[in-house]
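In: show me how the following folds:
(one chain, ligands or ions: 1)
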Amino acid sequence: MNRRILLSFLFSCCLAFCFVQKVNSQNNYTKNDIPASHSNITADQNGNLILQVNGEQFAIPEIKADRTLEKLKGNPQATSTGIYFEFGEALSAGNLYFGLINYEDTQYPQPVFFRAPANILDGKSFVNLMLLKGRYDMVDWQKREKGVIGYRVANIEGEYLYEGKIGFSGTGPFAIDTTLIEGPFINLLQPNSVTISFDTNFPIIGLIEVNNKTYQSSESGTHHEIEITGLKPSTSYEYRLVYGGNEEKYSFRTAPVPGSREAFTFAYASDSRTGPGGGERSFFGANVYIMKKIMALAKYKESAFIQFTGDLITGYKNDPDEIRLEYANWKRSVEPHAHYMPVMTTIGNHESVMHYWGLPTGDFYAIDKFPYDQFSAEKLFAENFVMPVDDLDSEEGSIYDPSKKDNDFPSYRENVYSYIYDNIAMVVLNSNYWYSPSTSFVNITSGNIHGYVMDNQMNWLKKKIAELEENPDIDHVFVTIHTPFFPNGGHVNDDMWYGGNNDKRPYVKGKPVEKGIIERRDELLNILINESTKVATLLTGDEHNYCKTHITPETNIYPEGWDKEKLVRNRSIYQVNNGAAGAPYYAQEITPWTPYTSNFTTQNALVFFHVHGKKIRMEVLNPDTLDKVDELVLR
Ligand SMILES: [Fe+2]
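Out: Coordinates of the predicted model:
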């Protein structure tokens, strides 16, 4: 694929690039901000980042997005008769759909929308709460003198941009009440503990009551992560979350003691970024339609947790506040069921937050945004999710680390990790770490390419797999990573294959690393197959299909004329690809392993693993129609 097609492919259709050179805007970058791991990037005296290509210099100012989470929340203010919203330049005209949320007649509270929306005119809108009296008051707000509305912000073309929640008190005049605007989410589920996270509109100390014990936020704030301890394994607990003068009640079930070998089910999918088709499929940043169906089906099949590996959102943005909006929309789509069960996530290529340059030549250059501890894809992901922290820090200290400073690489914190549930372990990798979306130009900018696992992460995987091999409680290991080792449709020209081109590899400080993409794939495969007896399945995504590929000792995995050593494989594993959670589709393509690939479909899919002791049964259903897509006894 030529590099321009490759770039537009990777970037999707979500970016409006601008061509800028030699601008004189003011930014705040200094040379010290530029990681030594990059090349041909500097800062000018005005604080702009400068890219040097073939002796020419190009600069671009930071793009401040119009659509950000804070703007689309609309700064709700109470009046004598309702709630006033102001969206400013984020949205001049559109509709505000609103409705009361009943927290008592369902386990999964969501707004029940009123029969007509409020108009958004000149960036302003007003919800008249007096309309929600009498036969429209299904939450008794007039008697209780408080209530919560959900509100959905749509532009004049009917595209949904955000769905928020806001509480009010009084019967007129009204006041804005302390509101739980995001969550609660069940995180870090263990046999004896769990962490519950949520966000409030006002800074408060949140309280959670479990089993007659009260736990509270460590300090007053709007983001809360509260650890609940002293729990019994495999036990269901109700929890009561108290915020301001309000409360919500949900429940969770603790994980079994490792090695209990109880029967349980978990679900797997990835790739839920905005899809075509309009409506809820094209909610700003996410395919909310399919995600809601996935969550409901996962609950219906009594899943203990869901693993979701990358491309949650459309992403590829310069402004972190726009990424925050997309994450908020994705989290809202899973929220009703995520009050009860963990949704485990990591990064794909679309979670990218980046500096990018569009040159007059038509070429685009993009790299992970720095300073990494403030703006990188890795930082924004960690800010938005509560995932386990493992003992892998970054690529600092690797053979190609260019300086002793600790700002050369972003963090693996919360995007590479492992967890244990009963007798299985899930090892979560990140193949879009320190990702430069303009993969074809990493020789100029330096950076990692789509699909490549760098040295420190691979060494961590090797150590982790060896530990699990020795752990008597673990029978099965699942390894999940966004990019397939063996792409089948849509990403045959990248992922871990690049059309069979092993030249592809990251550059650090202007120099290519030693191993090419296919050699690195083989090193990873060697760990999963030859150094492990427990790795049952490789769970991948990125390609927006479901299919499974049987990697046997006989499967051809090399390009014609491969002149390097071929990996001898001593057993077989399946690669189960499920990027069918709503992103735009790709058809199947021919590869050396096509004869070993089966049940390829572009229908939406959710994969279930039913685990009971030594046995694993895989079942794949279409969450939209409940059609059976595939089934297999894995062990
Ligand atoms: Fe992807």
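
In: hey, what's His610 bridged with?
Out: Thr265, Arg617 (DSSP bridges).

In: wouldn't it be in contact with Ile616 here?
Out: Yes - with contact defined as CB atoms under 8 Å, His610 reaches Ile616; the gap is 7.1 Å. All C-beta spots, glycine's among them, are computed from the backbone N, C-alpha and C.

In: and the strands in the stretch 451-600 of the chain, which stretches?
Out: 476-480, 507-508, 511-512, 535-540, 546-551, 573-578, 597-601 (DSSP state E, counting those that start in this stretch).

In: now those strands in JSON lines, with mean neighbour count, distance to Leu241 and mean pLDDT?
Out: Below are the strands of the stretch 451-600 of the chain laid out as JSON lines (neighbours: other CB atoms under 10 Å; distance: least, CB to CB, whole Å; pLDDT from 0 to 100):
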{"stretch": "strand 476-480", "mean neighbour count": "23", "distance to Leu241": "30", "mean pLDDT": "98"}
{"stretch": "strand 507-508", "mean neighbour count": "24", "distance to Leu241": "46", "mean pLDDT": "98"}
{"stretch": "strand 511-512", "mean neighbour count": "14", "distance to Leu241": "51", "mean pLDDT": "98"}
{"stretch": "strand 535-540", "mean neighbour count": "25", "distance to Leu241": "32", "mean pLDDT": "97"}
{"stretch": "strand 546-551", "mean neighbour count": "23", "distance to Leu241": "36", "mean pLDDT": "98"}
{"stretch": "strand 573-578", "mean neighbour count": "25", "distance to Leu241": "32", "mean pLDDT": "98"}
{"stretch": "strand 597-601", "mean neighbour count": "16", "distance to Leu241": "40", "mean pLDDT": "97"}
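
In: of the ones you listed, which approaches the ion most closely?
Out: strand 535-540 (9.9 Å; CB to the ion).

In: coming back round to it: distance to Val492 for the strands of the stretch 451-600 of the chain - can I get that in CSV?
Out: Output for these, formatted as CSV (distance: least, CB to CB, whole Å):
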stretch, distance to Val492
strand 476-480, 21
strand 507-508, 23
strand 511-512, 23
strand 535-540, 13
strand 546-551, 12
strand 573-578, 12
strand 597-601, 12
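
In: who wins for proximity to Phe284 among the ones you listed?
Out: strand 573-578 (23.9 Å; CB to CB).

In: so what are the sheet partners of the closest one and their directions?
Out: strand 535-540 (parallel), strand 546-551 (antiparallel).

In: how distant is that strand from the center of its chain?
Out: 20 Å (CA atoms, centre = their mean, to the nearest Å).

In: repeat for stretch 284-294
Out: Per CA atoms, centre = their mean, the centroid offset for stretch 284-294 relative to its chain is 13 Å.

In: which stretch of helix or strand covers Lys299?
Out: helix 288-300 (DSSP states H and E).

In: which elements pack onto that helix?
Out: Where contact means 3 or more CB pairs under 8 Å, 6 or more residues apart in numbering; DSSP states H and E, helix 288-300 is packed against strand 263-269, strand 305-309, helix 320-338, strand 606-612.

In: output that helix in CSV, but only the C-alpha positions, please.
Out: Taking C-alpha atoms only, helix 288-300 is exported to CSV below (Å, rounded to 0.1, in the frame of the first residue of the first chain):
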residue,chain,number,x,y,z
VAL,A,288,-23.0,3.4,21.3
TYR,A,289,-25.7,1.3,19.6
ILE,A,290,-23.5,-1.9,19.5
MET,A,291,-21.8,-1.3,22.8
LYS,A,292,-25.2,-1.1,24.6
LYS,A,293,-26.2,-4.4,23.0
ILE,A,294,-22.8,-6.0,23.9
MET,A,295,-23.2,-5.0,27.5
ALA,A,296,-26.7,-6.3,27.8
LEU,A,297,-25.8,-9.6,26.1
ALA,A,298,-22.7,-10.0,28.3
LYS,A,299,-25.0,-9.5,31.4
TYR,A,300,-27.6,-11.9,30.0
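
In: quick one on the thing from earlier: got CSV for the strands of the stretch 451-600 of the chain, with distance to the ion too?
Out: Conversion of the strands of the stretch 451-600 of the chain to CSV gives the following (distance: least, CB to the ion, whole Å):
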stretch, distance to the ion
strand 476-480, 13
strand 507-508, 21
strand 511-512, 23
strand 535-540, 10
strand 546-551, 15
strand 573-578, 11
strand 597-601, 17
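
In: what's the closest of those to His350?
Out: Across these, closest to His350 is strand 535-540 (CB to CB), at 14.9 Å.

In: roughly how far does the closest residue to the ion within the chain sit from Leu359?
Out: Nearest residue of the chain to the ion: Asp542, at 3.7 Å (CB to the ion). For Asp542, the distance to Leu359 (CB to CB, to the nearest Å) stands at 27 Å.

In: those two: which is more packed in?
Out: Per other CB atoms under 10 Å, whichever of Asp542 and Leu359 has more neighbours is Asp542, with 30 against 18.

In: residues contacting that one?
Out: 270-271, 310-311, 348-349, 482-484, 487, 490-491, 495, 579 (CB atoms under 8 Å, 6 or more residues apart in numbering).

In: of those residues, which belong to helices?
Out: Members of the contacts of Asp542 lying in helices (criterion: DSSP state H): none.

In: filter those down to the ones near the ion?
Out: The subset of the contacts of Asp542 within reach of the ion, by CB under 5 Å from the ion, is 311, 348-349.

In: could you find the closest non-adjacent residue to the residue nearest to the spatial centre of the chain?
Out: The structure's the chain has its C-alpha centroid closest to Leu312; by CA atoms, centre = their mean the separation is 4.1 Å. Nearest residue to Leu312, sequence neighbours excluded (CB to CB, 6 or more residues apart in numbering): Trp330, at 4.8 Å.

In: list the contacts of that neighbour.
Out: Here Trp330 is in contact with 272, 285-286, 288, 291, 312-313 (CB under 8 Å, 6+ apart).

In: nothing else from me, thank you.
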